[in-house]
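Student: Quick check, what structure comes out for this input:
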Amino acid sequence: MRSNAPDLSAPSQVRRPANVNAAAVLARNRGEPRSKPLPSFLRKSKADHDTAPGTMPVWRVIVLVLLPFVSGYYLSYLYRSIGALISQALVLEFALTPAHLGFLTSTYFLAFGIVQLPLGVWLDRFGPRRVQAVLLSVAACGAALFASAGGFLELALGRALIGLGVAGALMAGLKAIVLWFSPDRTALANGWFMMLGALGAVTATAPAEILVGQIGWRGMFTVLACVTAASALVILLIVPERHRERTQDVAAESVSIAAIYRDWRFWRLAPLSATCVGSAWALQGLWAAPWLSDVQGFERSDLVNHLLTMAIALSASALLLGVGAHRLRRRWGVSLELSFAGATGVALLAQLALVLRWPLPPWLPWTAIAGIGAGTVLSYSILTGMFPKSASARANGALNVLHVSMAFAVQYAVGLVVQQWPQEAGHYPPLAYQTALGINLALQVAAFAWFLRPARQSTALHLGAHPIHALASRLGVGPPAAMPYDLARLAWHRRMADARAQAKMWRATAFTSFAVLGLLCTCVGTTILRTPIAAHMLQPTEARPNLGCRARCALRWSDRPSQGGMLSGRT
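Tutor: Numbering: from 1, shown residues only. Purely as a prediction, here's the structure:
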């Protein structure tokens, strides 16, 4: 007789209720205490599906998943870039100094960076839909507080809440794409997601200028608060819910944040990516507008047009860098590291052109600086090849912490440097901005040199003992057969110690040589600049233009101080 009872030995035949959280089921099976359930409005969405990625029609995934998360990333870029447009109005209304303005704008990045490390854990545990909906609600509250602010502290708190609320816009969108798109379409979806989201920087220029002219900056932030709240509601109610497969998390659990930060490969890439990308975010988000106004002397309309050009360059670079690096790697074998080095090299030359005031159109260097702001397309791809795919979100989050920390530091530090010069007719002198950008450029050049150094080769620094040693110790006899190996081990260790000592000595010698060379160049340059030009070198062509050959020779001999009288008498 066939039994109707299910076979519990086959895990695939065990049916669970659809509304039971997978993590709670695993915890109950392991005997762990069950966690408190989430509120009902955070448990499921009306569009919930349990199909595998790729089985849902593509157009439906785009409408229900991609576009709602694009709206959050779009608002993130809009909030990040709007500071350059309203900076002048804030300075006039609240009498802010450059240091106050830099700190106010950088609080966005400060709060943004604080959330990055726990964000990955939240996304893994609760899913991108719930996390993004809650965070965008916080951003809406921050925008409302910023719109009604009456002083500097309220402005800073509102700006910090906005940064906290949009901190998960990028990572939540990338997480949702991994969950809902098939692997062969993930890269394309990532490119479109970042390009469409970067259009928020475009909106923060000319369109936002029109809106500010109609309703003011307070009215604009009130509108943004309502739009942000609507985006959070759409993500919560429309986006489907999907639970992760816990069987794929074994490799990810073995790669912790601490392990990522201890990896030397991470620290080869991180300084260059953090300094270049973070500086681009900081300059485009705030200091591009004061530079164009104080250094270039642009009017308001020209300034907004240049900001619009920079925003378009940022949006286009998000797609061009990814597609270009992919084709270079596929056709000519150019690595992602080399493509990233080339892109950052162009950005460094653009900043050098600004510092030295090269005779170039202002939009050209600023466009290159804005374009490297999308360099995360390459740096995130490089990190994916360093760590397991299941740990890529943690690696990207670890790098993103450095991005936003550098952006915070640059925005605040530039203001501190600029305010060291007095204002001239309501504007700071160009030398103040050149000095601030020059210091920042020096840090990026150092990181660029660190990235271009030869890659570290894996070398066996220690040779273990031969197994015959353990056998001999158990038997209580001497291991004559292992003596040659033991001697080889000792010789290897001595040679490795000598090699490390020589490398340390050569590094010290090279540093000393560069220091002496810099000192000599400084002394020679100072001597050349301080040496006056003798007046008598210009006299023969001006005072005595028609003298003959014998007369010129006589005059030359007569100019000698020691033998002037005797030689002139003979002549």
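
Student: Would you map the helices across the stretch 1-150 of the chain?
Tutor: Using DSSP state H, counting those that start in this stretch, the helices of the stretch 1-150 of the chain run over residues 22-29, 58-61, 67-81, 83-94, 98-126, 128-147.

Student: What helices and strands are in contact with the last one?
Tutor: For helix 128-147, the helices and strands in contact under the criterion 3 or more C-beta pairs under 8 Å, 6 or more residues apart in numbering; DSSP states H and E are helix 67-81, helix 98-126, helix 152-165, helix 169-180, helix 206-238. C-beta: built from backbone N, CA, C; applies to glycine.

Student: Can you name the residues that contact C276?
Tutor: 344, 347-348, 372, 375, 444, 447-448 (C-beta atoms under 8 Å, 6 or more residues apart in numbering).

Student: Just the ones in helices from these, please.
Tutor: Taking DSSP state H as the definition of helices, those contribute 344, 347-348, 444, 447-448.

Student: Quick check on E424: phi, psi?
Tutor: Backbone geometry at E424, expressed as degrees, to the nearest 10, gives phi -130, psi 110.

Student: And Q420, by the same measure?
Tutor: The phi/psi pair for Q420 (degrees, to the nearest 10) is phi -70, psi -10.

Student: Is it correct that it is in contact with A432?
Tutor: Yes: between Q420 and A432 there is a contact under C-beta atoms under 8 Å: 6.9 Å.

Student: Compare these two and say which one has the larger neighbour count.
Tutor: A432 (22 against 12; other C-beta atoms under 10 Å).

Student: host element of the more buried one?
Tutor: A432 belongs to helix 430-452 when elements are defined using DSSP states H and E.

Student: With A398 instead?
Tutor: Assigned by DSSP H and E, A398 falls in helix 392-418.

Student: So for that helix, mean pLDDT?
Tutor: Per-residue pLDDT values over helix 392-418 give a mean of 87.

Student: show me what contacts the nearest residue to S231 once chain neighbours are set aside?
Tutor: Closest residue in space to S231, ignoring its immediate chain neighbours: S71 at 4.5 Å, by C-beta to C-beta, 6 or more residues apart in numbering. Shown in contact with S71 (C-beta under 8 Å, 6+ apart): 231, 234-235.

Student: Tell me the confidence at S3?
Tutor: 45.

Student: With C226 instead?
Tutor: Reported pLDDT for C226: 97.

Student: V134 versus the nearest residue to G102 once chain neighbours are set aside, what's the distance?
Tutor: Excluding its sequence neighbours, the residue lying closest to G102 (C-beta to C-beta, 6+ apart) is G415, at 2.7 Å. Look at G415 and V134: by C-beta to C-beta, to the nearest Å, they are 32 Å apart.

Student: Between the two, tell me which one has more neighbours.
Tutor: G415 (24 against 17).

Student: now V410: how far from N440?
Tutor: 6 Å.

Student: So between these two, which is more surrounded?
Tutor: V410 (28 against 24).

Student: how close does the more buried one sit to Y73?
Tutor: V410 is 22 Å from Y73, by C-beta to C-beta.

Student: now swap in V418 and tell me
Tutor: Taken as C-beta to C-beta, the span from V418 to Y73 is 31 Å.

Student: what's the answer for A189, then?
Tutor: 13 Å.

Student: Which one of the contacts of S71 sits in the busiest neighbourhood?
Tutor: Counting neighbours by other C-beta under 10 Å, I235 leads the contacts of S71 with 26 neighbours.

Student: what's near enough to touch that residue?
Tutor: Residues near I235 by C-beta under 8 Å, 6+ apart: 68-69, 71-72, 129, 132-133, 136.

Student: Let's see the pLDDT reported for it.
Tutor: 94.

Student: ok, residues contacting stretch 304-312?
Tutor: Contacts of stretch 304-312 (C-beta under 8 Å, 6+ apart): 81, 84-85, 198-199, 201-206, 209, 284, 288-289, 292, 298, 362-363, 366-367, 369-370.

Student: for stretch 104-116, same thing?
Tutor: Contacts of stretch 104-116 (C-beta under 8 Å, 6+ apart): 79-80, 83, 87, 90, 96, 135, 152, 155-156, 159-164, 166-168, 171, 281-282, 285-286, 397-398, 400-401, 403-405, 407-409, 411-412.

Student: Return the list of helices and strands in contact with the helix holding A432.
Tutor: Helix 430-452 packs on helix 264-282, helix 288-294, helix 336-356, helix 392-418, going by 3+ C-beta pairs under 8 Å, 6+ apart.

Student: can you tell me the average pLDDT over the helix or strand following the second one?
Tutor: Beyond helix 288-294 on the C-terminal side, the first helix or strand identified by DSSP H and E is helix 300-331. In this model, helix 300-331 carries a mean pLDDT of 85.

Student: Distance from the chain centre to helix 300-331, please.
Tutor: For helix 300-331, the separation from the chain centroid amounts to 15 Å (computed by C-alpha atoms, centre = their mean, to the nearest Å).

Student: Next, the angle helix 83-94 makes with that helix.
Tutor: 150 degrees (axes from the mean of the first three to the mean of the last three C-alpha atoms, to 10 degrees).

Student: which parts of helix 300-331 are buried?
Tutor: Going by neighbour count (16 or more other C-beta atoms under 10 Å), the buried part of helix 300-331 is 303-322, 324-325, 328.

Student: Burial check on the residue lying closest to C276 once chain neighbours are set aside, number of neighbours?
Tutor: Sequence neighbours aside, T344 is the residue nearest to C276 in space, at 4.7 Å (criterion: C-beta to C-beta, 6+ apart). T344 has 24 neighbours, counted by other C-beta under 10 Å.

Student: start the count at 12, not 1, going forward
Tutor: OK, 12 is where the count begins now, so the last one is T355.

Student: how far away is T355 from V412?
Tutor: In terms of C-beta to C-beta, T355 sits 19 Å off from V412.

Student: quick one on the thing from earlier: out of the contacts of C287, which one sits closest to S193?
Tutor: The nearest member of those to S193, counting by C-beta to C-beta, is G386 at 26.7 Å.

Student: Now do the contacts for the residue nearest to the closest one when sequence neighbours are not counted.
Tutor: Spatially, and ignoring its direct neighbours in sequence, G386 is nearest to V288 (5.1 Å; C-beta to C-beta, 6+ apart). By C-beta under 8 Å, 6+ apart, V288 lies in contact with 383-384, 386-387, 390, 414, 417.

Student: same question, A154
Tutor: Contact analysis of A154 by C-beta under 8 Å, 6+ apart lists 90, 169, 173, 232-233, 235-236, 239.

Student: One more: G179?
Tutor: By C-beta under 8 Å, 6+ apart, the contact set of G179 is 126, 130, 133-134, 139, 142-143, 146.

Student: Figure out how far stretch 142-161 is from the centre of its chain.
Tutor: 24 Å.

Student: and if you look at stretch 293-311?
Tutor: Counting by C-alpha atoms, centre = their mean, stretch 293-311 comes out at 21 Å from the chain centroid.
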